Structures are given as C-alpha cells and as structure tokens.
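J.: Predicted model, plus sequence, below.
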Amino acid sequence: MSKFTTFLLIWLAVIALGVGGIYVVLKNFLPQPTTQSTSTPEGSVNLKDFKLSVVEGNLFVENPDGSNQRQLTFDQEVTIMGNRSPDGRFVLFRGPMRKDIEEAFFDNRLHLLDVLTGEQKLVAEELPISLPPLIKENDLIAVNGVFSPVENRIAYITAGNRIFVVNPDGTNFSSLLLSPFVITKPIRWTEDGVAIEFTYLDTRIPGNPEKTALVEVPALPFVAKSCQHPSFGSQQVDPRMLEVSLENDTVFVRASNGSDDAQPLTCNNEISSIHSRSPDGRFIIVSTHTRDRGSVFPDINESLINVLTGEKRLVAENTDLRASDAAFSPIDNRIAFISRDDKLYLINPDGSNLKPLVTDLEVYYGVIAWSPDGKEIAFSVIDMTQLPSPTDIYSVSGFNEGLGTSIERHTTDGNSINPRWTADEKLEWDTIE
C-alpha cells in the first residue's frame, strides 16, 4: 500500500469520527420531539407507571426507570401539578390566567394534560353550550379539581363556587351543587367514587361555622357495544314474536321463546321510556333525552324505532312539529301525537298522511288514550289562562270516516286527568282531590 493510499484512509477515518461525534453531541443535547410516545412495545408498562415532574414551571415525563425524559409543556405555566387519572393517561395542573381574562380571581385555572400525546386544554374549555338560568358563564370556569379514584372523571370547583363533574373529553357533564355555598377547602372523592365530599360556608347565615357534606355523583351511563342485531334484521321474523325491554336507558330486543340473548337496539343511552308499540309489533315509540354537550337540560322528544332493523327516527320527522307524547292506534300503525304547541295530530310511521285532529284547544301532555276499536282518542285539555290551571277530559272521533272530526267534552270540574278506556269501550279518568 502506497503512502498516499494510507494517508487517504486515515483522513477519511478522521472525517467519519468527527461526523459521528457531532451527531452524538447533538443527539444528547438538542431537545427531543415532544410527540414521542410514552408507551412501550406491547404495553409491557402501564401508563400510570411513567413518572411526571415539574421543573421550572414545565411538566416532564420519563420512563419508569428514570430514562428518556421528555418535556410536555414549554411556557412555564404549571404552578401546581394535581392528581392523575386512574389509568395514568391524564394529569391535572393549575396554570397562570389566560390573557383574555383580566380578573385576578381567575388566576391559576385548571388544565388537563394528555400524558400520551402532550395535548392540553382547560378543563370544561368547550362548556357550556346551554346554561340554565341559575348558572352564569363564569360559574363554569374550573379553578380546582381532582380525578375520581376509580374512573376517568373530573370533579371540579368553579370560580362561582359550583361543583361539576365531566369526562376528559367534555362528555357526561353534570352539575352537582348550585346552592349559595362558599366552598372553603379542596373537594375530594369518596374511595368508591360515588360521591364528592366538600367543606362549605352557608352565606345566607352570617357567622355560620364551616360544615362538611357529601353530594352524590351520577353514575356513568351504560354503553351498549353494538346498535345492530343482524340475527333479526336479516331473517323473516314475525316482529310480534320479539320482546322489547328497557334497561340502563338502552332498548333491547330478544326472541320471546328465549332462544337468543337480548340484543341492543340503541347505544347512545338516550331512551327514558317506551310508550307504545304498533299492533303488528314492528315499531315502538320511545322518549329520547338527547343532550347537547355541555347542556344542563335535556331535550325530550318522541322517536320511532323499527324493532327488526333498529332504525330510529323522530315521530314528526320532516315536519316543523315536535312530538312530546305519542301513541299507536290499537288497530293499525297510525300514531296520534301531541305537538310542542299543544295540538293533537295523526301521522303514519313513515311520516306520511299528517292530519291535524285538535288545533283550537290546549291539549295537555301526558296521556293519549285510544279507544279499543281505534275510533276515538281521549285526552286532557288545560286552560292556561287561569291559575291554578284547570284540566278536563275531551275526546275526538270521526277521523276514520273522513267526514271531519267531532270533539266531545266529558268533564267540566277542572280536576280531571289521565283518561283511559275499559275493555268494554267506557271512558274513565282520575280526579284531582
């Protein structure tokens, strides 16, 4: 080997070592990407085993053995690190007030951090969408909170001394305390996660000492694993041979002979009651209580569910009406329903043949009573011009003949509600004492 070749090889080796050394230095000292996952292959380490720490106002996470430390926040905004969710994925922390809030009282608002992704947001940041009269918008600003010991639910105190619970994704938002109390100490969950303990002063009583109380937390709704039941929808099944039941706000269907397990027809946990079933067994009318995220008050509406397919639609869908009560005729699949404007209508399950029956009286919600022969419908009428408002029993007939409807008044005492028919076509009702 010539001297030139030897010199060239030595020079190339020096260059390679230099580049490698620079790479090692950069790798060790440059900040690593924050999107790096904190999980390990095949889930061999639980998320809750990863360690969190606060260094100069920023949150860091590292592996259970102390290696691979990663920075999660960068704005020196962490003043107090709170507790973590039971699965270890989320952590609460308090940080400086946002620039769009001037009042110093709102300093150190409650934040939520996803340890796995590094994403963060204010607790209840997207709330509220709809507020009841007693709650002001600032009352929902979270300033202190804690995770349940048994599930990923956050209980928090607001700037307005309210107590709420919410999931990390903003769902299952519930109001627990709206009373005129001043909460004086951090709240805490009971060990079983079913209630919140809080210490308070009753501002209505001057000089009243602090008291401790418990407020129960609504249980998380049951969630059905499937909204479909192909064993019924794909076969020639007489729907009258299927049993329908309501459990945990979910409608289930099963063969009446017990040969199959019950299968869920709904999966959004929004059904509060089953009102009526069509004579052929194919449809049921249910009350739904759909809730916009953040809304404290539910939106009640009557819906129609096909027992064979699980298809659900509003009773008065594709109309400008909303059904607050509805019932099937005993002889065919027509539906009588009371609209939100207190009128009585007929409609088919597919939304066709909408027909007004009573439009000049205030039909009182609650009961629609078909006669056994399907020729007459009894209902209550309320007079809202008087206080207390009297209610009386009326009925409408003639809608089957197509010659116009006939309305008959059955009571005049103003204390009659809940009409019903006996098997021999006699109309009865309850009297308010």
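T.: Structure's in. What do you need?
J.: Quick check: Ala369 touching Ala378?
T.: Yes: using C-beta atoms under 8 Å, Ala369 is in contact with Ala378, at 4.2 Å. No exception for glycine: its C-beta is placed from N, CA and C like everyone else's.
J.: List the buried residues of stretch 53-66.
T.: Within stretch 53-66, the residues scored as buried using 16 or more other C-beta atoms under 10 Å are Leu59, Val61.
J.: ok, Leu201 touching Lys185?
T.: No: using C-beta under 8 Å, Leu201 is not in contact with Lys185; the gap is 10.5 Å.
J.: Looking at these two, which one has more neighbours?
T.: Legend: neighbour count by other C-beta atoms under 10 Å for Leu201 and Lys185, higher for Leu201 (18 against 13).
J.: Excluding residues flanking it in the chain, which one is nearest that one?
T.: Closest residue in space to Leu201, ignoring its immediate chain neighbours: Val182 at 4.6 Å, by C-beta to C-beta, 6 or more residues apart in numbering.
J.: in its sheet, what does the helix or strand hosting that neighbour sit against?
T.: Using DSSP states H and E, Val182 maps to strand 181-183. Here strand 181-183 is paired, per DSSP bridges, with strand 195-202 (antiparallel).
J.: How about residues contacting the next helix or strand after the strand it pairs with?
T.: Using DSSP H and E, the helix or strand that follows strand 195-202 towards the C-terminus is strand 211-216. With contact meaning C-beta atoms under 8 Å, 6 or more residues apart in numbering, strand 211-216 is reached by 163, 176-177, 190, 194-202.
J.: can you confirm Asp325 is in a helix?
T.: No: assessed with DSSP: H, G, I helix; E, B strand; the rest coil, Asp325 is strand; it does not lie in a helix.
J.: which one is it nearest to, not counting chain neighbours?
T.: Using C-beta to C-beta, 6+ apart, the closest residue to Asp325 is Ile338 (4.5 Å).
J.: For the one you found, give me its contacts.
T.: Ile338 sits next to Ala323, Ser324, Asp325, Ala326, Leu344, Tyr345, Val363, Tyr365, Ile368, Phe379 when contact means C-beta under 8 Å, 6+ apart.
J.: so where's the stretch 151-300 of the chain uncertain?
T.: Within the stretch 151-300 of the chain, the stretches with pLDDT under 70 are 177-180, 203-206, 219-236, 258-260, 268-269, 289-300.
J.: Where do the helices of it begin and end?
T.: Under the criterion DSSP state H, counting those that start in this stretch, helices of the stretch 151-300 of the chain are mapped to 230-233.
J.: so where do the strands sit in it?
T.: 154-158, 163-166, 174-177, 181-183, 188-189, 195-202, 211-216, 242-247, 250-255, 263-264, 271-277, 283-290, 299-306 (DSSP state E, counting those that start in this stretch).
J.: okay if I get those strands as TSV plus distance to Gln386?
T.: Shown next, in TSV, are these (distance: least, C-beta to C-beta, whole Å):
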stretch	distance to Gln386
strand 154-158	41
strand 163-166	39
strand 174-177	34
strand 181-183	38
strand 188-189	49
strand 195-202	38
strand 211-216	39
strand 242-247	37
strand 250-255	40
strand 263-264	46
strand 271-277	29
strand 283-290	29
strand 299-306	26
